[in-house]
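Asker: Mind folding the following:
(one chain, ligands or ions: 1)
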Amino acid sequence: MIVLMNTILLGVVGLFFGSFAGATVWRLRASQLREDKKAGEKVGGRDSNEVKAIKKTSITKDRSVCLHCGHKLKWYDLIPIASWLQLGGKCRYCHKRIGWLEPTIELGVAAFFAVSYYFWPYQLDTAWALVQFASWLVAGVGLAMLFVYDSKWFLLPDRVMYTLFVIGAVFSLTTLYGQTDVFSQVANIALAVTILSGLYYVIYVVSKHQWIGYGDVKLGLVLALLLADWKLAALALFLANLIGTVVLMPMMLSGRIKRQSHIPFGPFLIAGWFFAGIFGTQIIDWYILFTLGTS
Ligand SMILES: [Zn+2]
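Answerer: Next up, the predicted model:
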């Protein structure tokens with residue numbers, strides 16, 4: 001009963017973090033576009049929301065505004081999901097469509113919080129265990145931003161990445177607590193980093209920056225720190241490729257994307273990380289049972 005109540009509570013908390021993540025994505029995009037503009041690149045294009053975002057938002061401004069009319073949003077416009085549903089996905093002031101990004105990221109982070117708690121594979125009985133779980137949740141909020149940003153604009157903003165690096169380091173440090181053999185856990189983390197980040201670095205160098213971006217190398221490092229286990233890191237890599245294949249194959253066969261198309265890999269890596277982190281130990285146990293059972 002208490003587990004169910006906590007799950008629902010975390011889901012609700014997740015909605016608000018998701019709302020924050022959605023607003024931050026637009027602020028990051030606005031500041032990115034301003035930097036591009038300063039650097040002399042052509043900005044805007046098909047997405048007219050983007051040009052408006054430059055004018056109306058700033059990374060430091062913490063009050064959200066409508067991307068269309070620039071109207072400052074009141075607290076009752078910012079209630080996750082409820083505001084969106086009540087207004088039918090439109091701005092209260094100019095009645096233009098707000099889009100699906102906000103409700104999607106809100107529900108996504110809420111689901112991430114609830115599922116992470118419900119299926120968390122470790123005991124939450126010490127302060128360190130709680131710090132570890134909390135850093136997993138906070139990291140998920142940042143990764144949700146990267147997930148959306150990379151899907152939409154093929155970029156993983158450094159500002160989010162560096163914050164995630166610190167959170168990942170905290171997560172890794174908590175796994176050292178209570179270890180009888182601290183050295184072997186440090187080696188374990190180092191191997192996880194080698195698998196998830198080192199491999200991408202090699203691909204990045206070998207392909208001369210064509211197949212993947214440096215952002216994926218950094219993301220690999222962050223995700224490895226947030227798993228702190230080489231088996232889970234290897235599983236995350238495998239799942240990322242599996243999910244990527246399942247999602248992209250129909251699009252490739254139908255000709256919607258071509259071989260040369262730029263495909264953001266960040267979202268698949270993040271999905272692989274999530275499943276490996278929450279269900280990885282179980283998956284590995286099943287796999288071992290299965291292979292022992294059939295041999
Ligand atoms: Zn508006």
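
Asker: May I have stretch 231-246 as PDB, with CA atoms only?
Answerer: Once non-C-alpha atoms are left out, stretch 231-246 reads as follows in PDB (Å, rounded to 0.1, in the frame of the first residue of the first chain):
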ATOM      1  CA  LYS A 231      27.300  -5.600 -17.400                       C
ATOM      2  CA  LEU A 232      24.500  -3.100 -17.300                       C
ATOM      3  CA  ALA A 233      26.500  -0.700 -19.600                       C
ATOM      4  CA  ALA A 234      26.900  -3.500 -22.100                       C
ATOM      5  CA  LEU A 235      23.200  -4.300 -21.900                       C
ATOM      6  CA  ALA A 236      22.300  -0.600 -22.300                       C
ATOM      7  CA  LEU A 237      24.400  -0.600 -25.500                       C
ATOM      8  CA  PHE A 238      22.700  -3.700 -26.800                       C
ATOM      9  CA  LEU A 239      19.200  -2.500 -26.000                       C
ATOM     10  CA  ALA A 240      19.900   0.900 -27.500                       C
ATOM     11  CA  ASN A 241      20.800  -0.800 -30.800                       C
ATOM     12  CA  LEU A 242      17.900  -3.200 -30.600                       C
ATOM     13  CA  ILE A 243      15.400  -0.400 -29.900                       C
ATOM     14  CA  GLY A 244      17.000   1.700 -32.700                       C
ATOM     15  CA  THR A 245      16.700  -1.100 -35.200                       C
ATOM     16  CA  VAL A 246      13.100  -1.800 -34.300                       C
END
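
Asker: for the record, mean pLDDT for that stretch?
Answerer: Mean pLDDT, taken over the full extent of stretch 231-246, equals 95.

Asker: what do you get for stretch 76-87?
Answerer: Averaging the model's pLDDT scores along stretch 76-87 yields 84.

Asker: tell me, how many neighbours does L156 end up with?
Answerer: Per other CB atoms under 10 Å, the neighbour tally for L156 reads 25. C-betas here are computed from N, CA, C, even on glycine.

Asker: which SS class is it?
Answerer: Using DSSP: H, G, I helix; E, B strand; the rest coil as the criterion, the local structure at L156 reads coil.

Asker: Residues in contact with the one helix or strand M249 maps to: which ones?
Answerer: Assignment of secondary structure by DSSP states H and E places M249 within helix 230-253. Residues outside helix 230-253 that contact it (CB atoms under 8 Å, 6 or more residues apart in numbering) are 188, 191-196, 199, 223-224, 227, 257-259, 263, 265, 268-269, 271-273, 275-277, 280-281, 283-284.

Asker: quick one, what contacts H262?
Answerer: With CB under 8 Å, 6+ apart as the criterion, the residues that contact H262 are F154.

Asker: per-residue confidence at it?
Answerer: Confidence at H262, expressed as pLDDT, is 71.

Asker: Equivalent analysis for V166, please.
Answerer: Predicted confidence (pLDDT) at V166: the value is 98.

Asker: what's the burial count for it?
Answerer: 13.

Asker: now do L78
Answerer: Neighbour count for L78, taken as other CB under 10 Å: 17.

Asker: returning to what we had before: pull out the buried positions in the helix holding M249.
Answerer: Neighbour-count burial for helix 230-253, with 16 or more other CB atoms under 10 Å as criterion, is recorded at W230, K231, L232, A233, A234, L235, A236, L237, L239, A240, I243, G244.

Asker: now do stretch 83-101
Answerer: By neighbour count on 16+ other CB under 10 Å, the buried set for stretch 83-101 is S83, W84, C91, R92, I98.

Asker: re earlier: tell me how far the helix holding M249 lies from the chain's centre.
Answerer: A distance of 16 Å separates the C-alpha centroid of helix 230-253 from that of its chain, computed with CA atoms, centre = their mean, to the nearest Å.
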